[in-house]
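Asker: quick one, fold the following:
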Amino acid sequence: MRFEFEHLGSPTPFELTEGQHLLGGGPEDHVHLEGLPPGLLTLRIESQRLMVEAVRSFTVNSVRVLPGVSRLVLPGEVLGLPDGMCLRVLAEPSAPERGVGTVAMLKGLLTDSESRPSRAATVTCLTGLDVGRCHALAEAHTDIGRGDGVALRLRDRAVSRLHARIRREGPGFLLEDLGTPNGVFLNGVRLEAPGALADGDVVELGRSLLRFQAAFDDAPDGGGPIRPTPDGDVANEPLQPPEREQRRTRSEGWIIAVGAVLALVGLLLTYVLAASG
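Answerer: I've put the predicted structure just below:
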């Protein structure tokens, strides 16, 4: 997993393998970074999933994390450290796909729709017993709490049985507190009224942190997959299955016609050669 440590505007990139690593400014730390307190962070990497725990409070994307709380950190997030230092978790570079161009486009068209990423917005548990759990916000509203009847149940005693609600509002989502004593926090600020959710926002309920991810939009102009045009460019208009079937039928017809013409030419050449002999 790749990281970038920044201090006084100077970035220092480094990589860590799977396992547990102690990061700080002490001589016993596995990753020694000058200026940090000794043994500040414990980083556990397993199957490209990063859990971070600290001996003192730190922030992730400006949201405070308490000491001793193990927090799931996702690629692209930034850990705020003492004295203006920060640690960025870098996304892994994607392997280049072979056959970029028309062949790759056609391959995408033929891919089963079930293999595409979910279009629904989601919330992912970042701390607690439910860490790593991802819940799709597919309904008009999603109730969150500790009770049996909620859509997203958290195993957190600091969470009320019916704690918060995320409801769809037009193209977006709103977060609201359902009158709980511990409150609901959005990016570290307690909600006094329903608040709009943006991609990457962190919701705090009791001792649980949830990260909101907006809906994946793979067809902004027509609600369908992209397709290549005859000149090699990409068009965004939808290509429905019946149209695709018609195109394939026409292509097969051309192949049959060309084959028939070649066969006739072969027979004609055979006749001419036989006649001349």
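Asker: so where is the stretch 51-200 of the chain shaky, pLDDT-wise?
Answerer: Scanning the stretch 51-200 of the chain for pLDDT under 70 picks out the ranges 94-119.
Asker: need the helices for it, in chain order.
Answerer: Shown for the stretch 51-200 of the chain, the helices assigned by DSSP state H, counting those that start in this stretch span residues 102-110.
Asker: where exactly do the strands run in it?
Answerer: Assigned by DSSP state E, counting those that start in this stretch, the strands in the stretch 51-200 of the chain fall at 58-60, 63-65, 71-73, 78-80, 86-90, 122-125, 134-136, 141-145, 152-153, 164-169, 172-177, 184-186, 189-190, 195-196.
Asker: including distance to Val202, could those go into JSON lines?
Answerer: For every residue, glycine as well, the C-beta is placed using N, CA and C. Formatted as JSON lines, the strands of the stretch 51-200 of the chain follow (distance: least, CB to CB, whole Å):
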{"stretch": "strand 58-60", "distance to Val202": "7"}
{"stretch": "strand 63-65", "distance to Val202": "5"}
{"stretch": "strand 71-73", "distance to Val202": "10"}
{"stretch": "strand 78-80", "distance to Val202": "12"}
{"stretch": "strand 86-90", "distance to Val202": "15"}
{"stretch": "strand 122-125", "distance to Val202": "10"}
{"stretch": "strand 134-136", "distance to Val202": "15"}
{"stretch": "strand 141-145", "distance to Val202": "14"}
{"stretch": "strand 152-153", "distance to Val202": "15"}
{"stretch": "strand 164-169", "distance to Val202": "13"}
{"stretch": "strand 172-177", "distance to Val202": "11"}
{"stretch": "strand 184-186", "distance to Val202": "8"}
{"stretch": "strand 189-190", "distance to Val202": "11"}
{"stretch": "strand 195-196", "distance to Val202": "12"}
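Asker: of all the ones you listed, which lies closest to Gln213?
Answerer: With respect to Gln213, and counting by CB to CB, the nearest of those is strand 122-125 at 4.9 Å.
Asker: can you show me the CA trace of that closest one as CSV?
Answerer: This file holds the C-alpha atoms of strand 122-125, laid out as CSV (Å, rounded to 0.1, in the frame of the first residue of the first chain):
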residue,chain,number,x,y,z
THR,A,122,-23.7,3.7,-0.1
VAL,A,123,-22.5,4.2,3.4
THR,A,124,-19.5,2.3,4.7
CYS,A,125,-18.8,1.6,8.4
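Asker: what sits up against it?
Answerer: Contact with strand 122-125 is made by 72, 74, 131-137, 142, 152, 154, 166, 203, 208-213, as judged by CB atoms under 8 Å, 6 or more residues apart in numbering.
Asker: 6 Å instead?
Answerer: By CB atoms under 6 Å, 6 or more residues apart in numbering, the residues outside strand 122-125 that reach it are 131, 133-136, 210-213.
Asker: try stretch 58-74
Answerer: 50-53, 55-57, 77-80, 89, 126-127, 131, 187-188, 202.
Asker: how long is it from one end to the other?
Answerer: 15 Å (CA to CA, to the nearest Å).
Asker: buried set for it?
Answerer: 58, 60-61, 63, 65, 69, 71-74 (16 or more other CB atoms under 10 Å).
Asker: tabulate those residues (JSON lines), appending distance to Ala257.
Answerer: Formatted as JSON lines, these follow (distance: CB to CB, whole Å):
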{"residue": "Phe58", "distance to Ala257": "69"}
{"residue": "Val60", "distance to Ala257": "63"}
{"residue": "Asn61", "distance to Ala257": "60"}
{"residue": "Val63", "distance to Ala257": "65"}
{"residue": "Val65", "distance to Ala257": "68"}
{"residue": "Val69", "distance to Ala257": "69"}
{"residue": "Arg71", "distance to Ala257": "64"}
{"residue": "Leu72", "distance to Ala257": "59"}
{"residue": "Val73", "distance to Ala257": "60"}
{"residue": "Leu74", "distance to Ala257": "54"}
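Asker: cheers, nothing more for now.
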